[in-house]
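**Q** Provided below for reference: sequence and predicted model.
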Amino acid sequence: MLNTHRAKSRWAAVRAEWQRKMNIVEDEIKELMQNLKTENTHFDNLQHTLDLRKSEKTHLDLEEKALSKQLNGFERELKGLQGQKGSHLTVYGQWVPQLLEKILHAHSNGLFIKKPVGPMGAFIKVRDTKWAHVAERVLGKRITSFCVDNQKDEKVLRELMKSITFDQQSMPIVSVSKFRDKVLDVSRFETSSSKYPSLWSILDISDTVVANTVIDQMQVESILLIPTAQEAGRLLKDRSKVPRNCKCAYTLNLDQYYPDPNYRVYSGRGSHRARFLQVSVEDKIKDIMKNKEECKERLLLLTREIKDSLVEIKSLQEKIGVSNKKTQAYKRKLETLRMKVADLQNEEAPAPPDVAQLEEDVRQQEINMENVKAKMEEIRKSSLEKKQEFTNFSGALLEFRQKEKHAYKEVEKCKRALEEACANAARLEIQTCKKKDKDLKMNKKHLEKLLTNATETLEKAMKSADAFNLGARIETKKSVKELERQYTSLQARLDKERATSGDPITIAERYVATKQRYKQVSEDLNKHISLMKKLQESLQMREANCMRLHKWLAVIVKYFFKEHLSVRKLDGSISINIQEQTLNIHVEKPNVCHTSPVKNQVTPKQLKKSKGHQDLVMMSGGERSFATVAFIIALWHAIVSPVRILDEFDVFMDVIARNHAMKMMISAAKQDTQYIFLTPLNLDTSKLRNCQFFRMPDHTDQSQDG
């Protein structure tokens, strides 16, 4: 005891020194982790700021390139205008004089039927110059367009245009319209207002072709010019105030209005000077010079911003480098401290053994071992009982299947007998109808023959009565007219009886035939009624057998479903209603592990009250997939099928559930049935010797091969 006490004292001292060193190292690690976290946050902030500055510099570079390109365009345009100050047409483009020269040369050579007219803006003037920019907005690209008389002239003009360099401008539009000598009369269609002019009224067009083109294609006569948006709104939003023939209106701010009943407004870009109409070359040069100076100032400011951005980016990169070095130093020091902690953990001295505690542990383990053996014996007995019950159920199932096959055979016999009886009845009825039709036709011929003979006999008798004296004269007090009337009445009565009843011999023959047919039909009907009663009894017996069979199949499905769920310590039940044709599955994960689905059964109410209970909704995807596999295997025990296929049944399962599911499906397999299991996951084929495996080739991307 003294030695044990000394050993414990020495171990306590060593343990206290070891704990002190461990605490010092752990405190250093915590402080270092906090510093590292702070430095990482600082590094992330610097990196984020650097990314923002690089993105801003990229936008500045793009803007600088755009401004440089715009400045070069201004310089080229200015150079071209300064070289051709004598031609006012260069306002519409430096290419205009060259194209007009080619058109004149081609026309003198007879290539044009009629000389093209253009550019259109050169023939248009605005009487009120404050509306010049509005006129340019309406005319658009047609200010620089050309007019031709026919398709042939259009092809020639386009060929000439292909030889011209238009710089940054697009090829001008070519309008094809028959040239007229007079301007179209638009007085009937022109919009009119006492306060506001139409666009057509302020245009002064010197060429007839250009005027007609503007009228045809832009309908300038129906466009109203209103100075302010307030005036335009008040005038055009009320249908009763809209001027006649007004289809559109513009303001000095280039706002576009469409009148009521389709009232809508499109905002303009503000008032600005006209670029083409009534603009001289000197004005154009001044405008370009002004735009050039503004572009230079913006480019200079942009260059300064780019330099400042480069300086800031360089400073941020240096700070990021310093932060990165600090982070690496912290990580190296942290690794050293962790190695020191590992060394201290390896140097930890184990506590001296406590013999009394070990003896107590051995006694406790022996008690636990005895309890486990008792439970194993109890489980073994329960397993034998359940196996015996299963054997009894299997025998009963085989017996019911034999009865089912026998019932199927009887039903098939009854069906064949019923079909034969129906066919015989139909055939007899057809034969009877044919025979009756034949007899009626023969009777008709016979009656027609008798009628002919009777008519001939009557005619002969009438002739004989007329020729001979028919006995002694009977004295009567009736007059001749009364006798003739009496005779006529009797004759009519006789004819009526013959027409109603027919010949007595024929009636007798028809009576005998009808009586024999009635007797035969009665006998056939009695036979059919008897057969239908037997079929009804057989059908009721078959339905009762089917109902018993369905109940037994439901019992088998329920039993095997619970049996297979118990492999994963799950509890469940199946509710099958044959009459309503419904099937409900209920799976739960109780907090008590059951080794058998029959022993220690727990009701659903008890499961819901348990704290560890989980229903199917709360379970994982793997557990739900396993429950589905258990249900399918239970169905296999009750349904006969030559081929059974399962696809991707184990996608959500873990490795343990997947192995259990494969063992269950293989153990449930029968020799007379083919099973096919499809899975996208790999399988351990070493434990499945009775199975054949087919692996699909890996997918290859054809785009990578190209």
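**A** Thanks, I have it. Numbering: from 1, shown residues only.

**Q** just the helices in the stretch 51-200 of the chain please.
**A** 96-108, 132-139, 151-162, 199-202 (DSSP state H, counting those that start in this stretch).

**Q** what is the rounded mean pLDDT of the shortest one?
**A** It refers to helix 199-202. Mean per-residue pLDDT for helix 199-202: 92.

**Q** ok so, going back, make a markdown table out of the helices of the stretch 51-200 of the chain and add mean neighbour count.
**A** (Each C-beta comes from the backbone N, C-alpha and C, glycine too.) Formatted as a markdown table, those follow (neighbours: other CB atoms under 10 Å):
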| stretch | mean neighbour count |
| --- | --- |
| helix 96-108 | 16 |
| helix 132-139 | 22 |
| helix 151-162 | 15 |
| helix 199-202 | 20 |
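
**Q** Of those, which is nearest V521?
**A** Relative to V521, the nearest member of the helices of the stretch 51-200 of the chain by CB to CB is helix 151-162, separated by 93.3 Å.

**Q** Output the closest one as CSV, restricted to C-alpha atoms.
**A** What follows is helix 151-162, C-alpha atoms only, in CSV (Å, rounded to 0.1, in the frame of the first residue of the first chain):
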residue,chain,number,x,y,z
GLN,A,151,-34.6,49.2,-110.2
LYS,A,152,-31.9,49.3,-113.0
ASP,A,153,-30.7,52.7,-111.8
GLU,A,154,-30.6,51.4,-108.2
LYS,A,155,-28.3,48.5,-109.2
VAL,A,156,-25.9,50.9,-111.1
LEU,A,157,-25.9,53.3,-108.1
ARG,A,158,-25.1,50.5,-105.6
GLU,A,159,-22.2,49.3,-107.8
LEU,A,160,-20.8,52.9,-107.7
MET,A,161,-21.2,53.0,-103.9
LYS,A,162,-19.1,49.8,-103.5
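
**Q** Residues in contact with it: which ones?
**A** 99, 102-103, 106, 111-114, 116, 146, 148, 171-172, 174, 176 (CB atoms under 8 Å, 6 or more residues apart in numbering).

**Q** same thing with stretch 318-329?
**A** Here stretch 318-329 has contacts from L36, E39, N40, H42, F43, L46, Q47, L50, using CB under 8 Å, 6+ apart.

**Q** I'd like the distance from the longest helix anywhere in the chain to the chain centre, please.
**A** Looking across the chain with DSSP state H, the single longest helix is helix 355-467. Between the centre of helix 355-467 and the centre of its chain there are 46 Å (CA atoms, centre = their mean, to the nearest Å).

**Q** Now the closest residue to E75 other than its chain neighbours: which helix or strand?
**A** Excluding its sequence neighbours, the residue lying closest to E75 (CB to CB, 6 or more residues apart in numbering) is K292, at 7.0 Å. Secondary structure from DSSP states H and E places K292 in helix 281-347.

**Q** just to revisit the earlier point, which of the contacts of helix 151-162 lies closest to F276?
**A** For the contacts of helix 151-162, the closest approach to F276 (CB to CB) belongs to P172, at 12.5 Å.

**Q** That closest one contacts C147, correct?
**A** No - counting by CB atoms under 8 Å, P172 does not reach C147; the two are 10.9 Å apart.

**Q** more neighbours, these two?
**A** Looking at P172 and C147 with other CB atoms under 10 Å, you find the greater number of neighbours at C147, namely 26 against 23.

**Q** Pairing partners for that one in the sheet, please.
**A** V117, S175 (DSSP bridges).

**Q** Report how many residues lie close to the closest residue in space to F179 that isn't next to it in sequence.
**A** Of all residues not flanking F179 in the chain, D149 sits nearest, at 4.7 Å (CB to CB, 6+ apart). By the criterion of other CB under 10 Å, D149 has 19 neighbours.

**Q** what residues are up against D149?
**A** Contacts for D149 were tallied using CB under 8 Å, 6+ apart; they are I113, K114, V176, S177, K178, F179.

**Q** What pLDDT is listed against it?
**A** With respect to pLDDT, D149 scores 93.

**Q** Renumber starting at 11 from here on
**A** Yep, numbering from 11; the last one is D159 now.

**Q** picking up where we left off before, pick the one among the contacts of helix 161-172 closest to S532.
**A** Distances from S532 to the contacts of helix 161-172, taken by CB to CB, are shortest for V186, at 98.9 Å.

**Q** Wait, that closest one touches N160, no?
**A** Yes - if you go by CB under 8 Å, V186 and N160 touch, sitting 6.9 Å apart.

**Q** Please write out the alpha-carbon positions of stretch 649-660 in PDB.
**A** Output in PDB follows, covering the C-alpha atoms of stretch 649-660 (Å, rounded to 0.1, in the frame of the first residue of the first chain):
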ATOM      1  CA  ILE A 649     -46.200 -12.500 -56.900                       C
ATOM      2  CA  VAL A 650     -44.900 -14.800 -59.600                       C
ATOM      3  CA  SER A 651     -43.000 -13.100 -62.400                       C
ATOM      4  CA  PRO A 652     -40.400 -14.500 -64.800                       C
ATOM      5  CA  VAL A 653     -38.300 -11.300 -64.900                       C
ATOM      6  CA  ARG A 654     -37.600  -8.800 -62.200                       C
ATOM      7  CA  ILE A 655     -35.600  -5.600 -62.700                       C
ATOM      8  CA  LEU A 656     -34.600  -2.900 -60.200                       C
ATOM      9  CA  ASP A 657     -32.900   0.400 -61.400                       C
ATOM     10  CA  GLU A 658     -30.800   2.700 -59.200                       C
ATOM     11  CA  PHE A 659     -32.300   1.300 -55.900                       C
ATOM     12  CA  ASP A 660     -29.100   2.200 -53.900                       C
END
